[in-house]
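*Asks:* Output the structure for:
(one chain, ligands or ions: 1)
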Amino acid sequence: MNGAHSVVQTLVNCGVEVCFANPGTSEMHFVAALDAVGGMRPVLCLFEGVATGAADGYGRIAGKPAATLLHLGPGLANGLANLHNARRAASPIVNVVGDHATYHLQYDALLTSDIAGFARPVSSWIHQSTSAGSVGADATRAVQAARSAPGGIATLIMPADVAWNEAALAAHKLDDIGPSRVAADSIEAVAALLGNGKKSALLIRGDGLRGAGLEAAGRIQAKTGARLLCDTFAPHGEFGAGRVPVERIPYFAEQIVMFLKDVEQLILVGAKPPVSFFAYPGKPSWGAAEGCVFSYLAQPTEDCARALQDLADALDAPAEPATRTPLVLPELPKGKLNSLGVAQVIAHYTPDNAIYADESATSGLALMIHLARARPYTHLPLAGGSIGQGLPLAVGAALAAPDRKVVCPSGDGGAAYTLQALWTMARENLDVTVVIFANHSYAILNIELQRVGVGSAGAKALSMLDLHNPEINWVQIASGLGVAASRATTAEEFTAQYADAMAQRGPRLIEAMI
Ligand SMILES: Cc1ncc(C[n+]2csc(CCOP(=O)(O)OP(=O)(O)O)c2C)c(N)n1
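*Replies:* Reported below is the predicted structural model:
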């Protein structure tokens, strides 16, 4: 057994079954170990931002880490933006980053770089392995770090000689760290707050937005009348018919203030106080009303779902939530295609329990309206604001949940960042339907241009936000990367194409000309 075998076997021992990879020379022993050791599914990604975004999507759905395999500092650096998103989503990921052999570093060969320096801002754990004998132990600690509540990014740097030298046995899985249970007296304190007559809201994130946590939140609402809220970009939530409805905080600063103006006390459940995405001259950054009192039911490292259940019990809340979302499927649109029509069709046809890897940007407003009462679904939005995440996220989600339909509604601007993900969808035959909102514009930035107060914009400025000239042809791009694709220019065309995509399995792209 060499060091690379030891790492791959250790990852498998720890339940890491998928590796999103873009290897180079320094990772060849790891690549070879994928055959020598059973149990790891390697998934080739043609750009590292696809690998890291896919690992994020996998982690959010599987609830456990995938590995990435990245080529020295530049490979890691190519993946950083989606690692930033993954960090914001608290997704568990184990990065294995190859490096030059330890004795080779002194020569400062071309690919030598500060790998730990690249890794630091996005990683909760970094380690540079020094010997094949201990690299298995390093790998199991990496998995433990990634699995530590609420989930983190562990980066293991593996020099080439550590990978090829003879190693000791692989390591076993270490116990998970957290999430810890919130103490009973803290639960009682929040229960008392909810009886003080103030207008209250719970701002919920993490496990609190799904399954038993969400049910318990509904019970708390039934007992206390508290509003249930989530962040605009809560990284993982369960919504739609039959579920406890949660109000999503809006995007723009002044909308947030309006939305929260009556809330006198805000109970945070794995969440942070709400702030606006950007600052704008003369507009507030802080979302809550002046004098609003903040309390924490649970921190992100604590068991949010359990805390909500314990709070519901402490309140002696009824067994059933106050309300459940009714199923309301929109009418099908006719004639000219626009984002509202696309959203209607998506909500109308998407089957139960689908996963949305959502980077729909300005078109997302229409989508959220129609999905609110559609069939039950899981929502994975852009968690860290760095665009180019939707398509990779869909890859990872589809690998984590092969029996569920994955829909990836994406702006054309965002999709252009990581379009190589389409090739991986084709190669792995993933059940993903990509819908491109082809408005040929950075539409959100045209809005922001006015909001930040630049005054009148000239032709050069406007050309920076415009994607005509040349128009991207998404059907050709997808076809070239092996994904069946079609273009819809009318509501009727989109309806027929989307209904067809939902009736079949496998990768598919629809370019919606809006
Ligand atoms: C990595 C990164 N680069 C740039 C931006 C700035 N940005 C935000 S939205 C956007 C354009 C999005 O365009 P598109 O996906 O077509 O959606 P639309 O605004 O047209 O709805 C850009 C460039 C960003 N958020 N992240």
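
*Asks:* In contact with residue 405, which residues are there?
*Replies:* By CB atoms under 8 Å, 6 or more residues apart in numbering, the residues touching residue 405 are 350-351, 353-355, 431, 433, 502. The way it works is simple: take the backbone N, C-alpha and C, and place the C-beta from them, glycine included.

*Asks:* Now for those: which two are most distant?
*Replies:* Largest separation among these by CB to CB: 353 and 433, giving 14.5 Å.

*Asks:* quick one on the thing from earlier: show me the contacts of residue 405 that map onto strands.
*Replies:* Among these, the members found in strands (DSSP state E) are 354-355, 433.

*Asks:* nearest to residue 474, of the residues you listed?
*Replies:* Here the nearest of the ones in strands among the contacts of residue 405 to residue 474, counting by CB to CB, is residue 433; it sits at 13.2 Å.

*Asks:* how about the host helix or strand of residue 258 as PDB, C-alpha atoms only?
*Replies:* Element membership of residue 258, judged by DSSP states H and E, is helix 253-260. Coordinates of the C-alpha atoms in helix 253-260 are reproduced here as PDB (Å, rounded to 0.1, in the frame of the first residue of the first chain):
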ATOM      1  CA  ALA A 253     -32.200  46.400   1.500                       C
ATOM      2  CA  GLU A 254     -35.400  48.500   1.700                       C
ATOM      3  CA  GLN A 255     -37.600  45.500   1.100                       C
ATOM      4  CA  ILE A 256     -35.900  43.700   4.000                       C
ATOM      5  CA  VAL A 257     -36.600  46.600   6.300                       C
ATOM      6  CA  MET A 258     -40.300  46.700   5.200                       C
ATOM      7  CA  PHE A 259     -40.600  43.000   5.600                       C
ATOM      8  CA  LEU A 260     -39.200  43.000   9.200                       C
END
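
*Asks:* Would you mark the buried spots in that helix?
*Replies:* 253, 256-257, 259-260 (16 or more other CB atoms under 10 Å).

*Asks:* nearest to the ligand, of the residues you listed?
*Replies:* Comparing those against the ligand with CB to the nearest ligand atom places residue 253 closest, at 16.0 Å.

*Asks:* What average pLDDT does the helix holding residue 258 get?
*Replies:* Helix 253-260 carries an average pLDDT of 96.

*Asks:* Check the offset of the helix or strand that comes right after that helix from the chain's centre.
*Replies:* The helix or strand immediately downstream of helix 253-260 is strand 265-269, counting by DSSP H and E. Mean-position distance between strand 265-269 and its chain equals 23 Å (CA atoms, centre = their mean, to the nearest Å).

*Asks:* And for stretch 422-438?
*Replies:* Remark: stretch 422-438 is offset 17 Å from the chain centroid, using CA atoms, centre = their mean.

*Asks:* ends of that stretch, how far apart?
*Replies:* Using CA to CA, to the nearest Å, one end of stretch 422-438 lies 17 Å from the other.

*Asks:* mind listing what's buried in it?
*Replies:* Neighbour counts using 16+ other CB under 10 Å place 422-426, 428, 430-438 of stretch 422-438 among the buried residues.

*Asks:* Please list which of these also come close to the ligand.
*Replies:* Contacts with the ligand are made by none of these, judged by CB under 6 Å from any ligand atom.

*Asks:* Among those, name the ones in helices.
*Replies:* Counting by DSSP state H, the part of the buried residues of stretch 422-438 found in helices is 422-426.

*Asks:* now these as JSON lines including pLDDT?
*Replies:* Shown next, in JSON lines, are these (pLDDT from 0 to 100):
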{"residue": "422", "pLDDT": "99"}
{"residue": "423", "pLDDT": "99"}
{"residue": "424", "pLDDT": "99"}
{"residue": "425", "pLDDT": "99"}
{"residue": "426", "pLDDT": "98"}
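
*Asks:* quick revisit: just the angle for the helix holding residue 258 relative to strand 265-269, thanks.
*Replies:* Here helix 253-260 points in a direction 100 degrees away from that of strand 265-269 (axes from the mean of the first three to the mean of the last three CA atoms, to 10 degrees).

*Asks:* so how far is helix 253-260 from its chain's centroid?
*Replies:* In this view, helix 253-260 has its centroid 24 Å away from the chain centroid, taken as CA atoms, centre = their mean.

*Asks:* who touches it?
*Replies:* Outside helix 253-260, the residues touching it (CB under 8 Å, 6+ apart) are 201, 247, 249-250, 266, 274, 276-280, 283-285, 287-289, 292.
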